[in-house]
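Q: okay, structure incoming, though there's no sequence with it:
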DNA sequence: GTCTATAATCAGATAGAC
DNA sequence: GTCTATCTGATTATAGAC
């Protein structure tokens, strides 16, 4: 069991390193040698743990999707059955951004390199993503059915725009005056209430 | 002048081919040999017109930014001085999407490969983009100052989210039930009015 | 201006010692 | 399980004929 634990540890170090480098440098920019360096070894040693760079990258993608979707679904479902569709959607938006900005390299790596994946891998990753995608779609459709969201907007278009917007923040966010929670709140407010909504009166 | 016109024509063919391939395959996926093929020649011939792949890519980026920004600024300024800040912002949103979905390979290429550009080139491209970025910022700030948009949203955050959302559509849009104009309208409605806005009554 | 070599480089992958 | 050494293949880029 000690041996197995160590083997798993090494695999994890390689995956972590790959996720971090994929996130920051993209697919072509992520050299095996650099991934290995981040894991404290040399490039050929990676092949003892993963059959190829593609296999390693695909594992990172799958973990990123799994972690992200489970985090969000758990947060939304914890609201319980009394939560309105709009509250559920708002919670999902906020969770998604907070998760991305919490520094999870895996989900940021997905957002960064997905478009560059080789055709076949992209299909598989997309398939793994689809249940998560459906979850978003259900949140959106439920809010429309409920009467709390605009039915004149196409649910698919809303989902595409919404996810693109949320995913983008890992590429431009830098810690500063606004923290992850504030960004998340602003995203929810922008998407749900719109930029043209007038603030409630002050003074 | 005939010679010059032909030389310019060839340059243009190479640039067009590069833009189309960069858009669809990303930076690493855009092989010089394929770009050349699209321009009706072989790879080494490109070097008669451009010093390197990087120089060619940078030209595509610069043209993409130039075309896109001039198109949008022209459409907005054509509204005249009587247009409210909110109308100007809405017009910019709609123009941006319509321009992207009109099939302009250059601006789509920018959205696709910007993050993967080598450090120095990205700085230069970003600098060229900055005046356009400022234009968006001004539109956003003007709507807030005018009282027609929420002051509780951070102008920078709104700009980042807004541009990410708009740029995304060239990667997922496929001609179908909804055309470019409808997508553009939905984007403007989603960003300005929000998803949670209730439709005006019908029946 | 475009071509046919071909060089130069670099990254992913393999072989085999330890 | 990790290393050194090496192979392979792909791609940018150059040299020089036409």
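A: Yep, that arrived. Not measured: the values here are computed from a predicted model. Residues are numbered from 1 along each chain as shown, chains lettered A, B, ... in the order given.

Q: from here on, just use CA atoms for contacts and neighbour counts.
A: Fine.

Q: show me what the worst-scoring helix or strand of chain A on mean pLDDT is packed against.
A: Least confident helix or strand of chain A, by mean pLDDT, DSSP states H and E, is helix A:2-29 with a mean of 91. Other elements packing on helix A:2-29 under the criterion 3 or more CA pairs under 8 Å, 6 or more residues apart in numbering or on different chains; DSSP states H and E are helix A:32-38, helix A:53-77, helix A:105-113.

Q: reformat those helices as a markdown table; add mean pLDDT and distance to residue B:174.
A: Below are these laid out as a markdown table (pLDDT from 0 to 100; distance: least, CA to CA, whole Å):
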| stretch | mean pLDDT | distance to residue B:174 |
| --- | --- | --- |
| helix A:32-38 | 98 | 35 |
| helix A:53-77 | 98 | 24 |
| helix A:105-113 | 97 | 20 |
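
Q: contacts only, for the residue of chain A at minimum distance from chain B.
A: Ranked by CA to the nearest CA, the top residue of chain A for proximity to chain B is residue A:194, at 3.6 Å. Neighbour list for residue A:194: B:190, B:191, B:192, B:193, B:194, B:195 [criterion: CA atoms under 8 Å, 6 or more residues apart in numbering or on different chains].

Q: do residue A:45 as well
A: So residue A:45 contacts residue A:36 (CA under 8 Å, 6+ apart).

Q: ok, so what distance separates it from DNA strand C?
A: 7 Å (CA to the nearest atom of the strand, to the nearest Å).

Q: mind checking how far that residue is from residue A:52?
A: Distance of residue A:45 to residue A:52, given as CA to CA, to the nearest Å: 11 Å.

Q: repeat that for residue A:177.
A: 42 Å.

Q: check residue A:113 too.
A: Taken as CA to CA, the span from residue A:113 to residue A:52 is 17 Å.

Q: okay, these two: which has more neighbours?
A: residue A:113 (20 against 13; other CA atoms under 10 Å in any protein chain shown).

Q: wait, that one sits on residue A:23?
A: Yes - if you go by CA atoms under 8 Å, residue A:113 and residue A:23 touch, sitting 7.5 Å apart.

Q: pLDDT at residue A:91, what is it?
A: In this prediction, residue A:91 carries a pLDDT score of 98.

Q: got a ChimeraX select line for the buried ones in the contacts of residue A:194?
A: Burial among the contacts of residue A:194 is assessed by 16 or more other CA atoms under 10 Å in any protein chain shown; the matching ChimeraX selection reads:
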select /B:190,191,192,193,194,195
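
Q: which residue sits closest to the residue nearest the centre of chain A, ignoring its sequence neighbours?
A: Per CA atoms, centre = their mean, the C-alpha nearest to the average position across chain A is that of residue A:107, at 3.9 Å. The shortest distance from residue A:107 to any non-neighbouring residue, by CA to CA, 6 or more residues apart in numbering or on different chains, is to residue A:64 (4.1 Å).

Q: swap in residue A:108?
A: Distances taken as CA to CA, 6+ apart put residue A:23 closest to residue A:108, at 5.6 Å, once the chain neighbours are dropped.

Q: burial count for the one you found?
A: 24.

Q: wait, it sits on residue A:114?
A: No - using CA under 8 Å, residue A:23 makes no contact with residue A:114, being 10.5 Å away.

Q: so what sits against both of these two?
A: Residues touching both residue A:23 and residue A:114 by CA under 8 Å, 6+ apart: none at all.

Q: once you drop chain neighbours, what's closest to residue A:148?
A: That would be residue B:196: by CA to CA, 6+ apart, it lies 5.9 Å from residue A:148.

Q: show me which residues of chain A sit near DNA strand C.
A: A:28, A:30, A:31, A:32, A:33, A:43, A:44, A:47, A:51, A:52, A:53, A:54 (CA under 7 Å from any atom of the strand).

Q: highest neighbour count among the residues you listed?
A: residue A:30 leads the residues of chain A next to DNA strand C on contacts (other CA under 10 Å) with 20 neighbours.

Q: which ones are touching that residue?
A: A:18, A:21, A:22.

Q: scan the residues you listed and report the most crowded one.
A: residue A:18 (29 neighbours).

Q: quick check: closest non-adjacent residue to it.
A: residue A:35 (5.3 Å).

Q: looks like the one you found contacts residue A:13 (just checking).
A: No - counting by CA under 8 Å, residue A:13 is not a contact partner of residue A:35; they are 9.5 Å apart.

Q: the two - which one has more neighbours?
A: Shown here are residue A:35 and residue A:13; by other CA under 10 Å, residue A:35 has more neighbours (24 against 17).

Q: let me see the contact set for residue A:166.
A: Residue A:166 touches A:93, A:96, A:97, A:187, B:161, counting by CA under 8 Å, 6+ apart.

Q: and residue A:197, by the same measure?
A: B:148, B:149, B:150, B:192, B:193.

Q: next, it: secondary structure please.
A: coil (DSSP: H, G, I helix; E, B strand; the rest coil).

Q: for chain A, which residues are neighbours of chain B?
A: A:25-26, A:28, A:86, A:116, A:147-154, A:157-158, A:160-162, A:164-166, A:168-169, A:172, A:183, A:186-187, A:190-199 (CA under 8 Å from any CA of the partner chain).

Q: repeat that for 7 Å
A: Residues of chain A lying near chain B by CA under 7 Å from any CA of the partner chain: A:26, A:28, A:116, A:148-153, A:161, A:164-165, A:168, A:186, A:190-199.

Q: restricted to helices, list those.
A: Residues of the residues of chain A next to chain B located in helices (DSSP state H): A:26, A:28, A:161, A:164, A:165, A:168, A:186, A:190, A:191, A:192, A:193.

Q: list just the nearest of those residues to DNA strand C.
A: residue A:28 (6.5 Å; CA to the nearest atom of the strand).

Q: if anything else comes up later, I'll come back, but that's it for now.
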